[in-house]
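S.K.: What follows is a predicted protein model with its sequence.
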Amino acid sequence: MRLAVIIPAYNAARHLHAVVDRVMAAAPGLERIVIVNDGSRDNTARVADEIAGIKARVTVIHRPVNGGYGAAVKDGLRAGIECKAETIACVHADGQYSPEILPQLLEQMSRRGLDLLQGSRVAPGTALAGGMPLYKYLGNSLLNVIENRVLRLAMTDYHSGYLIYGARALDRLPFARLSNSFDFDLEVIAAARAHGLAIGEAPIPTHYGDEVSHLNPFTYGLRVLRVMWRFQRGQYAPQ
């Protein structure tokens, strides 16, 4: 299996070195790490270039202006596909989601025959103990009821952003048509469902530290409802 890891990064200079080191330690046989600097205003660009200068398997994409989380992930996916990766994992640059669990997620994905695997902070029952704010936990729970009903799935967390894409997902999903914002991941899941791909989740540890969230929970909730509306109207179906 040719594995690539993409790391969308916005103002993540403080954490980037450590995250890359953790990814490489967790998956020493990976093909490529792609850091996508999404128009950061701190030293992310310089730090990313330093890492790429030291580590041969790391490449950097610099977006001149901030285009949004989804736009950065799409650039990373495109680069991973171009390097012939068969599986691509998205790991956030702030270290909130553990790279150390990546081998377990890949094993589960293979064993269960999944095309798309979502890491769930809720499934292990430790989200609140791991520092997830109560309002996020409650909001996630409410949206989860709606998402499961509309998508006809039985998942506990659609919003962690710790996604692993298998070969069929990389080949079939219309990434270019999906959102440039934070609802990109949910649109990926909706599109995978519409394309008949095998979707599942696996528990991941939850850690909230000093990372800074750039997500507005109110507007994000509205975006989630819009994705559900679009799914019901068949907008993610194969064309």
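M.R.: Received the coordinates, thanks. The structure presented is a predicted model; accordingly, all values stated were derived computationally and were not measured. Residues are numbered from 1 along each chain as shown.

S.K.: mind showing which ranges of the chain have poor pLDDT?
M.R.: Applying pLDDT under 70 to the chain flags residues 124-132, 135, 137, 207-215.

S.K.: residues making contact with the longest helix anywhere in it?
M.R.: Identified as the longest helix of the chain according to DSSP state H is helix 134-151. Contacting residues not belonging to helix 134-151 are listed as 122, 127-128, 153-159, 186, 189-190, 193, 217, 221, 224-225, 228, 231-232 [Cβ atoms under 8 Å, 6 or more residues apart in numbering]. C-beta coordinates here come from the backbone N, C-alpha and C atoms, glycine included.

S.K.: Give me the distance from that helix to the chain's centre.
M.R.: Relative to its chain's centre, helix 134-151 lies at 18 Å (Cα atoms, centre = their mean, to the nearest Å).

S.K.: Check which element follows that helix along the chain.
M.R.: strand 163-165 (DSSP states H and E).

S.K.: Can you list the strands that that next one pairs with?
M.R.: strand 87-90 (antiparallel), strand 116-120 (antiparallel) (DSSP bridges).

S.K.: so which of the ones you listed gets nearest Arg57?
M.R.: With Cβ to Cβ as the criterion, Arg57 lies closest to strand 87-90 of the strands paired with strand 163-165, at 14.1 Å.

S.K.: and the closest one, C-alpha only, in PDB?
M.R.: This file holds the C-alpha atoms of strand 87-90, laid out as PDB (Å, rounded to 0.1, in the frame of the first residue of the first chain):
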ATOM      1  CA  THR A  87      -4.300   5.600   0.500                       C
ATOM      2  CA  ILE A  88      -4.200   9.100   1.800                       C
ATOM      3  CA  ALA A  89      -4.700  10.200   5.400                       C
ATOM      4  CA  CYS A  90      -5.400  13.700   6.500                       C
END
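
S.K.: next helix or strand past it?
M.R.: Following strand 87-90 in sequence, per DSSP H and E, is helix 102-112.

S.K.: tell me which residues in that following helix are buried?
M.R.: Leu102, Leu105, Leu106, Gln108, Met109 (16 or more other Cβ atoms under 10 Å).

S.K.: would you turn those into CSV with distance to Tyr165?
M.R.: As requested, the buried residues of helix 102-112 are exported to CSV (distance: Cβ to Cβ, whole Å):
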residue, distance to Tyr165
Leu102, 13
Leu105, 12
Leu106, 11
Gln108, 14
Met109, 10
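
S.K.: quick one, helices of this structure?
M.R.: 13-26, 44-54, 69-82, 102-112, 134-151, 167-172, 184-194, 217-232.

S.K.: any idea how far Ala48 is from Val188?
M.R.: Distance of Val188 to Ala48, given as Cβ to Cβ, to the nearest Å: 24 Å.

S.K.: check contacts around the spatially closest residue to Ile6 that is not a sequence neighbour.
M.R.: Leaving aside its chain neighbours, Ile6 sits nearest to Gly76 (3.1 Å; criterion: Cβ to Cβ, 6 or more residues apart in numbering). When contacts are counted by Cβ under 8 Å, 6+ apart, Gly76 touches Ile6, Ile7, Pro8, Val34, Val36, Ile61, Ile88, Cys90.

S.K.: Neighbour count for these - can I get that in CSV?
M.R.: Formatted as CSV, the contacts of Gly76 follow (neighbours: other Cβ atoms under 10 Å):
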residue, neighbour count
Ile6, 27
Ile7, 28
Pro8, 27
Val34, 26
Val36, 27
Ile61, 18
Ile88, 27
Cys90, 25
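
S.K.: Now render these as TSV, adding distance to Leu116.
M.R.: Conversion of the contacts of Gly76 to TSV gives the following (distance: Cβ to Cβ, whole Å):
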residue	distance to Leu116
Ile6	15
Ile7	19
Pro8	17
Val34	19
Val36	20
Ile61	23
Ile88	11
Cys90	11
